[in-house]
Each structure stands twice: as structure tokens, then as C-alpha cells.
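A.B. asks: sequence first, then the predicted structure:
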Amino acid sequence: MADCCRGDRKRDVREEVREGYGRIAAGGGGGCGCGSKPASGGACCGSSQPDALARSLGYSEGELAALPEGANLGLSCGNPAAVAALKPGETVLDLGSGGGFDVFVCAQKVGPQGRAIGVDMTAEMLAKARRNAEAFTARTGLANVEFRLGEIEHLPVADASVDAIISNCVINLSPDKPQVWREMARVLRPGGRVAVSDLALLQPLPAAVRESVNALVGCVAGAVLVEETGRMAREAGLADVALTPKPGHVDAMFASDDPLYREVLKSLPAGLKVADYVVSLEVTARKLRRG
């Protein structure tokens with residue numbers, strides 16, 4: 001395929017995702033059909049019971065209680081904030097921060113001397129997150145969060161400036177995943193670490209699923225094989241890459257009556273379900289120290 005055509009496809013994918021998650025932000029979220037339009041049934045990844053999903057993924061009642069109303073859009077497929085083992089005073093960056101859910105959780109962990117930064121390419125999500133930040137500060141007294149507009153392939157973040165990077169069910173949406181991993185390596189300080197929860201494939205999806213816009217925005221069609229995720233992280237220069245599948249998380253995300261689940265299921269061979277193809281993958285890595 002010519003370079004121009006690949007570039008056009010990447011732009012198309014990015015705009016499909018931007019539009020879908022803009023609808024989620026405007027509609028308040030909740031569930032794989034949360035961004036739906038009557039004409040398209042556009043879907044998103046996540047749960048129609050966001051707090052129940054968050055509890056099943058290990059978020060504590062205290063963390064959830066501090067969240068502004070509407071910050072949890074049910075778009076999680078793991079709990080990277082816990083895996084990152086954040087310490088007071090650290091700077092943490094969330095890729096694809098949405099309404100701010102994980103940024104606010106991280107802000108509680110790094111404390112008033114630390115900083116939690118979220119980057120999102122969807123203006124509607126950014127506006128929602130900034131409104132939520134005001135409520136978060138009023139509720140907790142913490143004023144250590146910041147939200148920046150930008151693409152995760154081109155982070156608006158200085159070189160070697162963050163201690164930890166998290167991302168929750170977002171990298172699979174990128175049309176240029178190797179570039180995302182290179183950007184993570186760029187902005188991490190030496191010794192910094194990555195904790196990502198993402199959807200990955202146990203086996204290739206049928207073509208009908210891969211070509212579905214709904215499944216793309218729903219975090220399924222854009223996923224890559226587990227081993228490919230590890231390869232991209234290592235090729236970006238990260239070390240100690242560990243991949244831990246969390247198969248139960250997919251069942252928690254997708255209910256049998258969910259419109260995206262039904263759409264994908266129709267395209268799978270008889271007797272197979274989404275969890276036979278897709279898994280929640282926990283990825284950890286670190287940037288080597290100089291010398």
C-alpha cells in the first residue's frame with residue numbers, strides 16, 4: 001500500500017475514534033452502546049455499570065468515593081494505577097485519559113507534591129475532564145491534576161519528564177501503536193516505568209469484526225496479538241517487559257445483552273465467544289537508567 005494511502009487510513013481511524021468518544025463524552029458514557037447513534041449503533045468499550053466494573057478490577061471504595069460524578073465512564077479493562085505502584089511526589093502520565101477517572105485515582109496516590117497528567121485527543125473529553133478536575137479539587141483538596149489536548153502518538157510532554165505512564169484500554173485504538181510505545185520511552189525518565197491495561201488478541205479476529213467501525217471504537221477491532229504488544233514495547237527500547245493476561249476482565253466488561261457483544265458474536269464461528277479471541281492484557285516495563 002502506498003504511503004499516502006496508509007496515511008489516509010490512519011487519519012480515518014483516528015477520526016472514527018475521535019467522533020465515537022466525543023459522543024461518549026457528550027452522552028455521559030456507560031456501556032458498549034454508550035456512544036450510539038440511531039443510524040450507526042456506534043459502540044464503545046466499557047460497562048453499563050461502571051462502578052461495579054471498577055470494583056471487579058480492584059479499585060477501592062475510597063478511590064471511587066473521591067471521584068467526581070461522571071468521571072468513571074465504564075471504559076476500563078484493568079487497573080493500571082494499582083500496577084504502577086505510584087509513590088508520593090511522583091509525576092504520572094495517563095494516555096487517553098477520557099473523563100479523568102484514572103488521573104484522579106493516581107492523583108490520590110502521588111499526593112499534593114506529585115502530579116497526575118492526562119492526555120486525550122477528544123476535545124469533548126478534555127472539557128469534561130477539566131470540569132471534573134474542579135469538582136475533584138473541591139472534594140479532596142488536591143490541585144495536582146492537569147489535562148492536555150493531544151494525540152498519544154505525539155505526546156505534548158517533554159522528554160524524560162515523567163516517572164510513570166499508565167493507560168487503560170486506549171492503545172488498541174491507535175492506528176500507529178509502535179509510535180505510541182516510542183513516545184512512552186521518550187517521555188519517561190531513566191528508571192521510569194510503564195503500567196498498561198489494554199485489550200489484546202489471543203488469535204486473529206475474523207475479517208468482518210476487524211472491518212467494523214463499531215468494533216474499532218469498542219476497543220476490539222484495533223487490538224493486536226499479545227506477543228506483538230510485547231515486541232513493540234521492546235523495540236521502543238523498554239526493558240523488563242512483562243505481559244500478564246487477565247481473562248476474567250473481558251467477561252466483566254461485556255454483558256451478553258450488550259449491543260457490541262451481540263454484533264461481534266454474530267461474526268465469530270459458532271460456539272465461540274469474545275473471550276476466546278480477546279483478553280485484557282496487563283503490560284509492565286521500564287526505561288533503563290543511564291550507565
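C.D. replies: It's in. Numbering: from 1, shown residues only.

A.B. asks: strands of the chain, start to end?
C.D. replies: 91-95, 115-120, 145-149, 162-168, 188-201, 239-246, 278-286 (DSSP state E).

A.B. asks: can you list those strands in CSV and add mean pLDDT?
C.D. replies: As requested, those are exported to CSV (pLDDT from 0 to 100):
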stretch, mean pLDDT
strand 91-95, 98
strand 115-120, 98
strand 145-149, 98
strand 162-168, 97
strand 188-201, 96
strand 239-246, 96
strand 278-286, 94
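
A.B. asks: tell me which of those strands approaches residue 54 most closely.
C.D. replies: Closest to residue 54 of the strands of the chain is strand 162-168 (Cβ to Cβ; 10.5 Å). (C-beta placed from N, C-alpha, C; glycine too.)

A.B. asks: off-centre distance for the closest one?
C.D. replies: Distance of strand 162-168 from the chain centroid (Cα atoms, centre = their mean, to the nearest Å) equals 11 Å.

A.B. asks: just checking: what are the partner strands of it?
C.D. replies: Paired neighbours of strand 162-168 in the sheet (DSSP bridges): strand 91-95 (parallel), strand 188-201 (parallel).

A.B. asks: buried deepest among the ones you listed, which one?
C.D. replies: strand 91-95 (a mean of 28; mean count of other Cβ atoms under 10 Å).

A.B. asks: centre of the chain versus it, how much separation?
C.D. replies: 12 Å.

A.B. asks: give me the contacts around that strand.
C.D. replies: Outside of strand 91-95, the residues within contact range by Cβ atoms under 8 Å, 6 or more residues apart in numbering are 84, 86, 102-103, 106, 109-110, 114-119, 152, 155, 157, 161-168, 170-171, 180, 184, 187.

A.B. asks: would you map the helices across the stretch 101-250 of the chain?
C.D. replies: Ranges of helices within the stretch 101-250 of the chain are 101-110, 123-140, 177-187, 207-210, 213-217, 226-235, 247-253, based on DSSP state H, counting those that start in this stretch.

A.B. asks: which one, of those helices, ends up nearest to residue 147?
C.D. replies: Proximity to residue 147 (Cβ to Cβ) singles out helix 123-140 among those, at 4.5 Å.
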